[in-house]
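Trainee: coordinates for the following, if possible.
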Amino acid sequence: MLSEPLSLTVDGVAYTLPRINQDNYSAEYFSPNAAGDERIQLLVNHAIPTGTSTVESHHMRVNRQFITAGEIARTDSLWMVAKTVGAAQVSADLEDLYVGLAAMLEAATNTVLKAFLNRNP
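Mentor: Here you go, the predicted structure:
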């Protein structure tokens, strides 16, 4: 289980995300900002192999909702998926892969991330 509450800073605004829902393999964390014009939602889900399945996956999605006149005007979402197919998952190998990807996206003032978000293949 993830610690609670979670902390996330978006565009200089610090959010404290308490867990508002949880079942066996998923949880939801949520917080509006102080001004009431944005909300952050974090969803965590796990698919654990059972029986003859050889696929294990873990999903984390953060949604940023922009509120206008009390209605959701837009939602931006970012997803992270960790997936192992075949042999048993080795968490340290997935962590190494994540660290490498995160470093590439953050390197050189986010050049790769900016190109990706601007639809460059």
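Trainee: partners of residue 65 in the sheet?
Mentor: Beta bridges link residue 65 to residue 39, residue 75, judged by DSSP bridges.
Trainee: and it, how far from residue 12?
Mentor: If you measure residue 65 against residue 12 using CB to CB, to the nearest Å, the figure is 18 Å. Every residue, glycine included, has its C-beta placed from N, CA and C.
Trainee: a strand runs through residue 102, doesn't it?
Mentor: No: counting by DSSP: H, G, I helix; E, B strand; the rest coil, residue 102 is not found in a strand; it is helix.
Trainee: give me the neighbour count for it.
Mentor: By other CB atoms under 10 Å, the residues close to residue 102 number 11.
Trainee: now the strands for the chain?
Mentor: Using DSSP state E, the strands of the chain run over residues 6-10, 13-17, 19-23, 26-32, 38-47, 55-68, 71-85.
Trainee: could I get the contacting residues of residue 28?
Mentor: Residue 28 makes contacts with 19-22, 41-44, as judged by CB atoms under 8 Å, 6 or more residues apart in numbering.
Trainee: run the last query once more with 10 Å
Mentor: Counting by CB atoms under 10 Å, 6 or more residues apart in numbering, residue 28 touches 17, 19-22, 41-45, 61.
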